[in-house]
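Asks: build me a structure from this.
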Amino acid sequence: MPRRTRMYLPDHPYHIVQRGNNREACFIESDNYRYYLELWTECSQRYGVDVHAYCLMTNHIHFLLTPQEKDSISRVMRVVGSRYAYYFNRRYGRTGTMWEGRHKSSLVQTDRYFLICSRYIELNPVVAGMVNKPEQYRWSSYLVNAWGGESNLTPHDEYLKLGRDSKIRCHAYRELFKQQLAEQDVHLIENASNFCHPLGNNQFCQQIEKKYEIKLGQAARGRPKKVVKK
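Replies: Numbers count the residues shown, from 1 in each chain. I've put the predicted structure just below:
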């Protein structure tokens with residue numbers, strides 16, 4: 001029996017994460033990254049998904065995006081995932097599944113966490129020790145959000161609030177990266193992503209539940225628990 005398509009709230013941003021099966025590499029060379037982004041550009045336009053930020057890591061991907069329809073994200077993820085897996089398997093003579101189950105998703109509280117989540121996504125290569133600065137990494141949206149230029153990104157209202165024109169917005173965005181992300185915010189983002197919980201406070205969740213008559217999970221709050229090594 002086919003799995004039921006997930007339904008998302010249109011016009012609300014989501015943080016999407018998908019990992020390679022068994023944490024194996026999804027991208028080996030530059031052509032892989034380029035082809036994957038080309039697929040995303042094509043399919044996001046076709047199915048109605050506004051992409052605000054992204055980062056393609058070696059064995060997983062992050063996207064911050066807003067669907068225009070309730071099934072927009074599911075359709076893009078399904079088509080991009082299958083087409084890229086076919087391309088990758090054929091190119092490298094492999095077989096079998098490529099992705100680690102279904103993608104993870106978390107609804108993002110716009111006014112509180114949108115820009116924090118965008119920074120978290122684009123700082124992934126720095127945190128992983130792949131580069132020293134986000135602008136040194138080619139396969140993320142940082143260069144567009146921080147320095148401008150042509151792209152297929154759709155600026156979100158929270159990004160547009162950074163300034164009256166592109167130059168001012170880019171400068172303000174770069175300034176945000178001079179401050180380290182709070183440990184608590186990183187914990188909330190990762191916990192929300194891992195368990196597909198909303199990234200937002202209790203009031204936000206209650207407002208969404210009441211407005212759309214749905215039930216949302218509640219992300220654990222506070223500092224991550226310390227693991228005592230024995």
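Asks: can you say which helix or strand has the residue nearest in space to the middle of the chain in it?
Replies: Most central in the chain under CA atoms, centre = their mean is residue 63, positioned 2.3 Å from the mean C-alpha point. Under the criterion DSSP states H and E, the helix or strand holding residue 63 is strand 60-67.
Asks: report the buried residues of that strand.
Replies: 60-67 (16 or more other CB atoms under 10 Å). For glycine as for every other residue, the C-beta is placed from the backbone atoms N, C-alpha and C.
Asks: adding distance to residue 37, write these out as CSV.
Replies: What follows is these, written out as CSV (distance: CB to CB, whole Å):
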residue, distance to residue 37
60, 15
61, 10
62, 13
63, 11
64, 15
65, 13
66, 18
67, 19
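Asks: now, which of the residues you listed sits nearest residue 46?
Replies: For residue 46, the nearest member of these is residue 67. The distance, counting by CB to CB, is 12.8 Å.
Asks: just to revisit the earlier point, TSV for the buried residues of strand 60-67, including pLDDT and distance to residue 73?
Replies: Output for the buried residues of strand 60-67, formatted as TSV (pLDDT from 0 to 100; distance: CB to CB, whole Å):
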residue	pLDDT	distance to residue 73
60	98	17
61	98	13
62	98	14
63	98	9
64	98	12
65	98	7
66	98	9
67	98	5
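Asks: same question for the longest helix seen in the chain, mean pLDDT?
Replies: For the chain, the helix that runs over the most residues, judged by DSSP state H, is helix 72-92. Mean pLDDT, taken over the full extent of helix 72-92, equals 96.
Asks: mind giving me the packing neighbours of whichever helix or strand comes after that helix?
Replies: If you walk from helix 72-92 toward the C-terminus, the next helix or strand you reach (DSSP H and E) is strand 104-107. With contacts defined as 3 or more CB pairs under 8 Å, 6 or more residues apart in numbering; DSSP states H and E, the secondary structure elements packing on strand 104-107 are strand 14-19, helix 183-195.
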